[in-house]
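Trainee: build me a model from this:
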Amino acid sequence: MEVSQLSLGIVVALVLVALAFDFMNGFHDAANSIATVVSTRVLKPYQAVILAAFFNFLAVFIFHLSVANTVGKGIVDQGIVDHYVVFGALIGAIAWNLITWWYGIPSSSSHALIGGIVGAGVAKAGTWALIPAGILKTVAFIIISPLIGLLLGAALLIAISWIFRRTTPSRVDRLFRKLQLVSSSMYSLGHGGNDAQKTIGIIWMLLIASGYSGAADPVPTWVVIACYVTIGLGTMFGGWRIVKTMGQRITKIRPVGGFCAELSGSVALFLATAFGIPVSTTHTITGSIVGVGAAQNVSAVRWGVAGDLLWAWILTIPCSAFIAGLAWWLGHVIFRT
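Mentor: Numbers count the residues shown, from 1 in each chain. Model (predicted):
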């Protein structure tokens, strides 16, 4: 398809679909930012989502667009991207997010989108169109990001337990109830910085493919602002079904544990964003929560629940890719000109 044949109406429609995914990303992943601070009763749910949404947006002023560059140019060959590929990728990601949200499964919106791009790209051009380096580093962080969260979370809790070993539990709780406001804000900052950029990347991919932006041009400012605002709005509505799984079912969280989980998760997100890796905020915070629970007592973690989550992580990319392949075919029916 020639660039000139793609109408502005189709581009606008796909941008709106992308923003719908961005909203769903915030809605679906709100639990990652607020589960621990709500479960420890440091904040009420409505207070937590407002705080998280604010820091989601604040990330626009802090992080470079390294993740957007990976999503937009580092997953599939730019030469095969057209509106059918973008449509398939978005529908695959949105459909999988809705399925996992309905069942209260904290899967990864990030990997759903990556799977969607892979599935739609392969449906159009075969596996040769994939860029192995971008996919491999994304897949590697399915293991690396929760492992970083787990190790840092456990190490932080052990260190804090030693430092405050002579302090009464009530005083520790009071202190870390306040510090959780800081750690929760940092995690929300990392969430916005990494996740909003994924939608920026796919809109940028669409604009380049349709000729409305050059491959060497910077990302349009309106795309950046729109994506950060939209993910913040999604976070404000919150995915309450998933909050219970993240904050209560994996292990019992107290303020000091919530602080350790959020801070370790923040470090992992900041590092991944700096290196342009579209990491899963869900995987990161889950690993951190497991690390905090295991540092207290291995039996404190409900390993059966953690195992169920692991299956969801493994299935996300192939399932969203399969749906995206079907959606790529459906796109030819909807957008046929």
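Trainee: now do the lengthiest helix in the chain: which elements does it pack against?
Mentor: Looking across the chain with DSSP state H, the single longest helix is helix 169-210. Other helices and strands packing on helix 169-210, by 3 or more Cβ pairs under 8 Å, 6 or more residues apart in numbering; DSSP states H and E, are helix 8-39, helix 45-58, helix 66-73, helix 83-102, helix 109-125, helix 221-237, helix 255-274, helix 281-296. (Glycine included, C-beta is placed from N, CA and C.)
Trainee: in a markdown table: these, plus mean pLDDT.
Mentor: A markdown table is the format used below for the helices and strands packed on helix 169-210 (pLDDT from 0 to 100):
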| stretch | mean pLDDT |
| --- | --- |
| helix 8-39 | 82 |
| helix 45-58 | 85 |
| helix 66-73 | 89 |
| helix 83-102 | 90 |
| helix 109-125 | 91 |
| helix 221-237 | 92 |
| helix 255-274 | 89 |
| helix 281-296 | 81 |
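Trainee: which parts of stretch 83-98 are buried?
Mentor: Of all the residues in stretch 83-98, those buried under the rule 16 or more other Cβ atoms under 10 Å are 83-97.
Trainee: backbone phi and psi for S108, please?
Mentor: phi -100, psi 120 (degrees, to the nearest 10).
Trainee: for the nearest residue to it once chain neighbours are set aside, list the residues it contacts.
Mentor: Nearest non-adjacent residue to S108, counting by Cβ to Cβ, 6 or more residues apart in numbering: S280, 3.6 Å away. Going by Cβ atoms under 8 Å, 6 or more residues apart in numbering, S280 touches 108-111, 141-142, 145, 313.
Trainee: hang on, the earlier thing: quick one, which of the helices and strands packed on helix 169-210 is nearest to S210?
Mentor: Closest to S210 of the helices and strands packed on helix 169-210 is helix 8-39 (Cβ to Cβ; 5.2 Å).
Trainee: where does that closest one sit relative to the chain's centre, distance-wise?
Mentor: Averaged C-alpha coordinates place helix 8-39 at 9 Å from its chain's average position (Cα atoms, centre = their mean, to the nearest Å).
Trainee: packing partners for it?
Mentor: helix 45-58, helix 83-102, helix 109-125, helix 169-210, helix 221-237, helix 240-244, helix 255-274, helix 281-296.
Trainee: tell me the angle that helix makes with helix 45-58.
Mentor: For helix 8-39 against helix 45-58, the angle by axes from the mean of the first three to the mean of the last three Cα atoms, to 10 degrees is 130 degrees.
Trainee: which of the helices and strands packed on helix 8-39 sits closest to V71?
Mentor: Closest of the helices and strands packed on helix 8-39 to V71 is helix 169-210, at 2.8 Å (criterion: Cβ to Cβ).
Trainee: that closest one to helix 66-73, inter-axis angle?
Mentor: Interaxial angle, helix 169-210 versus helix 66-73 (the same axes, to 10 degrees): 40 degrees.
Trainee: helix 169-210 relative to helix 281-296, how many degrees between them?
Mentor: Using the same axes, to 10 degrees, the direction of helix 169-210 lies 160 degrees away from that of helix 281-296.
Trainee: avg pLDDT for helix 169-210?
Mentor: This predicted structure assigns helix 169-210 an average pLDDT of 90.
Trainee: count the residues that sit near T316.
Mentor: 28 (other Cβ atoms under 10 Å).
Trainee: same check on L330?
Mentor: The number of residues packed near L330 is 14, by other Cβ under 10 Å.
Trainee: mind listing what's buried in the host helix or strand of it?
Mentor: Using DSSP states H and E, L330 maps to helix 303-334. Neighbour counts over helix 303-334 (16+ other Cβ under 10 Å) mark 305-306, 309, 312-313, 315-317, 319-328, 331 as buried.
Trainee: tell me how many other residues crowd W102.
Mentor: 9.
Trainee: apologies, that question was intended for I142.
Mentor: I142: 20 neighbours (other Cβ under 10 Å).
Trainee: you'd agree it is up against W313?
Mentor: Yes. I142 is within contact range of W313, at 6.0 Å (criterion: Cβ atoms under 8 Å).
Trainee: any shared contact partners between these two?
Mentor: In contact with both I142 and W313: 111, 280, 283, using Cβ under 8 Å, 6+ apart.
Trainee: and these, which is closest to I50?
Mentor: Using Cβ to Cβ, S280 comes nearest to I50 of the shared contacts of I142 and W313, at 24.0 Å.
Trainee: before we move on, back to that, out of the helices and strands packed on helix 8-39, flag the one nearest N25.
Mentor: Proximity to N25 (Cβ to Cβ) singles out helix 109-125 among those, at 4.3 Å.
Trainee: give me the angle between that closest one and helix 303-334.
Mentor: Going by the same axes, to 10 degrees, helix 109-125 is angled at 40 degrees with respect to helix 303-334.
Trainee: tilt between helix 109-125 and helix 255-274?
Mentor: 30 degrees.
Trainee: which strands and helices sit next to helix 109-125?
Mentor: If you count contacts as 3+ Cβ pairs under 8 Å, 6+ apart, helix 109-125 packs onto helix 8-39, helix 66-73, helix 83-102, helix 132-163, helix 169-210, helix 303-334.
Trainee: same list (the ones you listed) but as TSV, adding distance to A48.
Mentor: Below are the helices and strands packed on helix 109-125 laid out as TSV (distance: least, Cβ to Cβ, whole Å):
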stretch	distance to A48
helix 8-39	4
helix 66-73	25
helix 83-102	18
helix 132-163	20
helix 169-210	7
helix 303-334	21
